[in-house]
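Q: attaching a predicted model along with its sequence, questions to come.
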Amino acid sequence: MASFDLPALARRQGMRRDVTLRPIAPTQANAQELAALYMPIVRAWEAAIPEIMAGYTPPTLDNLTTDAPADQQAAIDRAAEEVSRLIVAFGAGIERLAVRIERWHRAKWIAGVKAGTEVDLSTILTAQPVQESLEAWIARNVALVTDIGNQAKGRISDAVFRGYQQRTPSRELAREIRKATGMARARAIRVASDQNNKLSAALDMERQAEAGIEQYRWRHSGKAHPRPEHQARNGDVFKLGQPAGDTPGQAPFCGCRAQAYLAIMGEPESD
């Protein structure tokens, strides 16, 4: 629900033409800060590799044992406990980051509105209207970092027990475990970039709805290997919230943006 009518405020400022506000581009710095919050979980599994490998002796046909796998499982469980502790700290860290990103986005939105309409929203806007979106984003990231940690544990456990079954040499097993932690690291970086985009896109829509804006103009990201349907939408005007389920930034790794479109004169355009 709109809290105020920005198009009406713009008309009072003397605007006599429809206007498309400049897009708000998520920063790499925010993505890097988010990735840094994910990294302790990855590093905890990397740090556990020496302990996991310490008691590993691949059995031979003449020397089968069931004790060593239990030793490795104990090391894996200790690492998992440390990861659980770090996820609690992650929750506190991401709450602080969400507050900083919201403040950054709010400042960019205020500046964009001022540049495009001469309307000053600096005394109007607060964090409260977007709180629900922030909380949903925080919860989503806690779920994602938990999954990254669990996935790493599963891959490491599987590698160790396959090592015993297949009598894998120590060096080869260590390489398999490092591959598992490398996959966790790569996924954490990708997720951080995507989640940074998603929060900015959600805030775009929330702020536009709050301002009584009914339409936006699709700005394609210009990335290599784009989604053809997204590329085809570049410059088109859509109703806020449309296309349902596929607004800018909503699809995985989508970098498209929603530029606020103010229909100052006459009826709004149709999509």
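A: Great, that's in hand.

Q: count of residues packed around A89?
A: Other residues near A89 come to 12 when the count uses other Cβ atoms under 10 Å. C-beta here means a position set from N, CA and C on the backbone, and glycine is covered the same way.

Q: report all helices and strands that the host helix or strand of it contacts.
A: Assigning secondary structure by DSSP states H and E places A89 in helix 67-117. Packing contacts for helix 67-117, counted by 3 or more Cβ pairs under 8 Å, 6 or more residues apart in numbering; DSSP states H and E, involve helix 6-12, strand 19-20, helix 28-54, helix 131-166, helix 170-210, strand 257-262.

Q: deepest-packed of the ones you listed, please.
A: Ranked by mean neighbour count, these are led by strand 257-262 with a mean of 25 (mean count of other Cβ atoms under 10 Å).

Q: give me the distance between W104 and L21.
A: 17 Å (Cβ to Cβ, to the nearest Å).

Q: any low-confidence regions in the stretch 151-271 of the chain?
A: For the stretch 151-271 of the chain, the stretches flagged by pLDDT under 70 are 266-271.

Q: repeat that for 50
A: 268, 270-271 (pLDDT under 50).

Q: how near is the residue minimising distance to the centre of the chain to Q215?
A: Central residue of the chain (Cα atoms, centre = their mean): Q195, 1.0 Å from the mean position. Using Cβ to Cβ, one obtains 26 Å as the distance from Q195 to Q215.

Q: same thing with A80?
A: Shown here: A80 relative to Q215, a distance of 49 Å by Cβ to Cβ.

Q: could you check which of these two is surrounded by more residues?
A: Q215 (22 against 18).

Q: what's across from the closest residue to the more buried one other than its chain neighbours in the sheet?
A: Counting by Cβ to Cβ, 6 or more residues apart in numbering, Y261 is the residue found nearest to Q215 once chain neighbours are left out, at 4.4 Å. For Y261, the beta-bridge partners under DSSP bridges are T20, Q215.

Q: and Y261, what does it touch?
A: 18-21, 213, 215-217, 237, 268-269 (Cβ atoms under 8 Å, 6 or more residues apart in numbering).

Q: let's see it at 7 Å
A: 20, 215-217, 237 (Cβ atoms under 7 Å, 6 or more residues apart in numbering).

Q: widest-spaced pair of those?
A: T20 and Q215 (9.5 Å; Cβ to Cβ).

Q: so how far is I101 from the nearest residue to S193 once chain neighbours are set aside?
A: Nearest residue to S193, sequence neighbours excluded (Cβ to Cβ, 6+ apart): A31, at 4.8 Å. Between A31 and I101 the computed distance is 10 Å (Cβ to Cβ).

Q: and I156, by the same measure?
A: For I156 relative to I101 (Cβ to Cβ), the value is 32 Å.

Q: and the gap between A8 and E210?
A: Counting by Cβ to Cβ, the gap from A8 to E210 is 14 Å.

Q: no wait, A188
A: 32 Å.

Q: list the contacts of M15.
A: So M15 contacts 117, 264 (Cβ under 7 Å, 6+ apart).

Q: and with 8 Å instead?
A: Applying Cβ under 8 Å, 6+ apart, the residues near M15 are 117-118, 262, 264.

Q: tell me the contacts of P169?
A: P58.

Q: again, but for A127
A: 99, 102-103, 106, 134 are the contacts of A127 under Cβ under 8 Å, 6+ apart.

Q: repeat that with 6 Å
A: E102 (Cβ atoms under 6 Å, 6 or more residues apart in numbering).

Q: can you tell me how far it is from E135?
A: Distance from A127 to E135, by Cβ to Cβ: 11 Å.
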